[in-house]
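Enquirer: Output the structure for:
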Amino acid sequence: MSARPAAVVILAAGEGTRMRSATAKVLHELGGRSMLGHVVAAARALDPHHLIVVVGHGRDQVTAHLAELDPQAIAVVQAEQNGTGHAVRIALDGLDHLEGTVVVLPGDAPLVTPAALQALVAQHVGTAAATTLLTARYPDPTGYGRVVRNGPDVLRVVEHKDADADVLRIQEIATGHYAFAAGPLREALGKLSTDNAQGEEYLPDVVRLHQEAGLTVGGRIADNWAETVGVNDRVQLALAARMLRDRINRHHMLAGVAILDPETTWIDADVVLEPDTTVLPNTQLKGTTVVRRGAVVGPDCTLSSTEVGEAAVVRRTTADGAVIGPEATVGPYSYLRPGTRLGRGAKVGAYVEVKASDIGAGSKVPHLSYVGDATIGERSNIGAGTIVVNYDGREKHRTRIGDDVRVGSNNSLVAPVTIEDGAYTGADAVISKDVPAGALALSENTQRIIEGWVERKRGKNST
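Expert: Predicted coordinates:
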């Protein structure tokens, strides 16, 4: 039998009432992905012939998300939630000639790893079992079904409420992750009954039917119990997020990244950090952020889908969709909005906001400025308090600043306008006309002094 599964079925139809949310349960996020996104990624690592997601509550939300997440995955609607066994049965209805291994995963257990699933499938195929359960030894197994064994064979799974004192001492629990042989699975699904308190078809009853038929039922104990935890409410979601944070941080540190305070550092699953980068406390790296070798990020940064070049330094900065070039410096208290691109050695300093602008190599916007919809060449300097006036109330226009330009303090650059190479502008200038190369542009206001004005307006005792 091939180790490549014939199908992976992800159960994502549950209502999730304990989340108390209008958002479908499996769409709640941690580590930069939805719960479903994490499970789909782990399932895809198995390279299944078919990936099927059973949807029910919030089906429109979940189906739309799945189409963006994995267009090749098949969404199957469970119109009435008649149990996990029923969900798997309808998932397989269109796959009449399916042979091989069928893996079934809960959509609300986002920490499962590809390695755990690969080990489950390998054991299942290697032992020619009808059913193989992924199990775990929980520090506190209260509330979970216990796995009763005879050596490698699983004899039964006993729900907590039905367990006697001896069974309650067992720490190995069933996690809801399964590998089945397709033929025996389909046969057992056809025999499931709704003769129970909930009136539902239970997938664990397939395990019992296989045991009663004398088929092999095995169990693979997860190497790390945390990989199998499920999420039923927001408290458990927060706990799972912290577990994932610790896993991601550990992975990066072992790969050569210095994370000075892992407990205050949150890194999404799709972030790339090269060796010899440094991440300082209170930093969040989100989305598809990439930090290149030797860069320093933090403290107090939030970077979303931002690229940080080699040896760049980014401090106390919020950035979204920006590209920070090698050896550039950003911050403190800077805001880089989407479309910002900084060249090698560029500087964006304190209390500067940049949006949809290119700032060339070695150019500086040191402090207290807004640069929007602008192109700045190399080695130019933008004086403190400068504002690029890019919006006329209807449309946004572009400002172009050449190489080796010096823009004076407290300028307003009224777009569309061009300041050519080597030009200077004076302090307090309003630049609304193009400035030729090498020229000085001034916007002069003559200083007036009115003697005695304060006393006349405010009285002799004014301070």
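
Enquirer: tell me the contacts of residue 270?
Expert: Listed by C-beta atoms under 8 Å, 6 or more residues apart in numbering, the contact partners of residue 270 are 32, 33, 287, 288. C-beta here means a position set from N, CA and C on the backbone, and glycine is covered the same way.

Enquirer: Using the three-state scheme, assign residue 43.
Expert: Classification of residue 43 by DSSP: H, G, I helix; E, B strand; the rest coil places it in helix.

Enquirer: mind listing what it touches?
Expert: 8, 10, 51, 103, 105, 117.

Enquirer: so residue 431 bridges to which residues?
Expert: residue 413 (DSSP bridges).

Enquirer: Tell me the spacing between it and residue 422.
Expert: From residue 431 across to residue 422, the span is 15 Å (C-beta to C-beta, to the nearest Å).

Enquirer: Which stretches in the stretch 101-250 of the chain count as strands?
Expert: Taking DSSP state E, counting those that start in this stretch as the test, the strands found in the stretch 101-250 of the chain are 101-106, 131-137, 146-150, 153-158, 172-181, 217-221.

Enquirer: can you tell which of those strands is closest to residue 366?
Expert: strand 101-106 (52.6 Å; C-beta to C-beta).

Enquirer: ok, back up a step: of the strands of the stretch 101-250 of the chain, give the one that comes closest to residue 76.
Expert: By C-beta to C-beta (comparing all of these), the closest turns out to be strand 101-106, at 12.9 Å.

Enquirer: by contact count, what packs against that closest one?
Expert: Other helices and strands packing on strand 101-106, by 3 or more C-beta pairs under 8 Å, 6 or more residues apart in numbering; DSSP states H and E, are strand 7-12, helix 35-44, helix 84-92, helix 114-126, strand 172-181, helix 182-189.

Enquirer: hmm, who's touching that strand?
Expert: Strand 101-106 is contacted from outside by 1-3, 5-11, 39, 42-43, 46, 48, 88, 92, 112, 117, 120-121, 124-125, 176-182, 185, 203, 230, using C-beta under 8 Å, 6+ apart.

Enquirer: If any of these are buried, put those into a ChimeraX selection.
Expert: Under the burial definition 16 or more other C-beta atoms under 10 Å, those of these that qualify are selected in ChimeraX by:
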select :5,6,7,8,9,10,11,39,42,43,46,48,88,92,112,117,120,121,124,125,176,177,178,179,180,181,182,185,203,230
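
Enquirer: got a pLDDT number for residue 45?
Expert: pLDDT for residue 45: 97.

Enquirer: so how far is residue 38 from the closest residue to it other than its chain neighbours?
Expert: Excluding its sequence neighbours, the residue lying closest to residue 45 (C-beta to C-beta, 6 or more residues apart in numbering) is residue 114, at 3.3 Å. Applying C-beta to C-beta, the value for residue 114 to residue 38 is 11 Å.

Enquirer: Same question for residue 427.
Expert: 54 Å.

Enquirer: same question, residue 213
Expert: Counting by C-beta to C-beta, the gap from residue 213 to residue 38 is 34 Å.

Enquirer: cool, and residue 289?
Expert: The gap separating residue 289 from residue 38 is 18 Å, by C-beta to C-beta.

Enquirer: Next: residue 23.
Expert: For residue 23, the distance to residue 38 - C-beta to C-beta - is 16 Å.

Enquirer: quick one: which of those two has more around it?
Expert: Relative neighbour count places residue 38 above the other of residue 23 and residue 38, with 24 against 14, counting by other C-beta atoms under 10 Å.

Enquirer: Next, give phi and psi for the closest residue to the more buried one other than its chain neighbours.
Expert: Closest residue to residue 38 apart from its sequence neighbours, by C-beta to C-beta, 6+ apart: residue 110 at 3.8 Å. The phi/psi pair for residue 110 (degrees, to the nearest 10) reads phi -80, psi -10.

Enquirer: Please renumber the chain so that the first residue is 135 from this point on.
Expert: Sure, I'll start counting at 135 from here, so that last one is residue 244.

Enquirer: quick one, what contacts residue 244?
Expert: 164, 165, 167, 169, 171, 172, 173, 365, 374, 378.

Enquirer: now do residue 552
Expert: If you count contacts by C-beta under 8 Å, 6+ apart, then residue 552 has 533, 534, 535, 536, 568, 569 around it.

Enquirer: Just give the closest residue to the second one, not the sequence neighbours.
Expert: On the basis of C-beta to C-beta, 6+ apart, the spatially nearest residue to residue 534 that is not a chain neighbour turns out to be residue 552, at 4.4 Å.

Enquirer: What's the first helix or strand after the helix or strand hosting that neighbour?
Expert: Per DSSP states H and E: residue 552 is located in strand 551-553. Per DSSP H and E, the first helix or strand lying C-terminal to strand 551-553 is strand 558-559.

Enquirer: Can you tell me what sits against that next one?
Expert: 539, 540, 541, 542, 545, 553, 565, 569, 573, 574, 575, 576.

Enquirer: Surely the third one and residue 515 touch.
Expert: Yes - taking contacts as C-beta atoms under 8 Å, residue 541 lies within contact range of residue 515: 6.9 Å.

Enquirer: follow-up on the earlier one: how about the contacts of residue 177, which pair is most distant?
Expert: Farthest-apart pair in the contacts of residue 177 is 185 and 251; separation 12.4 Å (C-beta to C-beta).

Enquirer: can you list the domains in this structure?
Expert: As recorded under automatic domain parsing, the domains making up the chain are 141-362, 389-575.

Enquirer: on that earlier part again, centre of the chain to the strand holding residue 552, how far?
Expert: When C-alpha coordinates are averaged (C-alpha atoms, centre = their mean, to the nearest Å), strand 551-553 and its chain have centres 40 Å apart.

Enquirer: and it, average pLDDT?
Expert: Averaged across strand 551-553, pLDDT comes to 98.

Enquirer: how much space is there between the closest residue to residue 193 other than its chain neighbours and residue 146?
Expert: Nearest residue to residue 193, sequence neighbours excluded (C-beta to C-beta, 6+ apart): residue 211, at 5.8 Å. Distance of residue 211 to residue 146, computed by C-beta to C-beta: 11 Å.

Enquirer: And for residue 369?
Expert: According to C-beta to C-beta, residue 369 and residue 146 sit 21 Å apart.

Enquirer: Give me the neighbour count for residue 341.
Expert: Residue 341, neighbours per other C-beta under 10 Å, totals 25.

Enquirer: which residue packs closest to it, ignoring adjacent ones?
Expert: residue 265 is the one closest to residue 341 (C-beta to C-beta, 6+ apart), at 5.4 Å.
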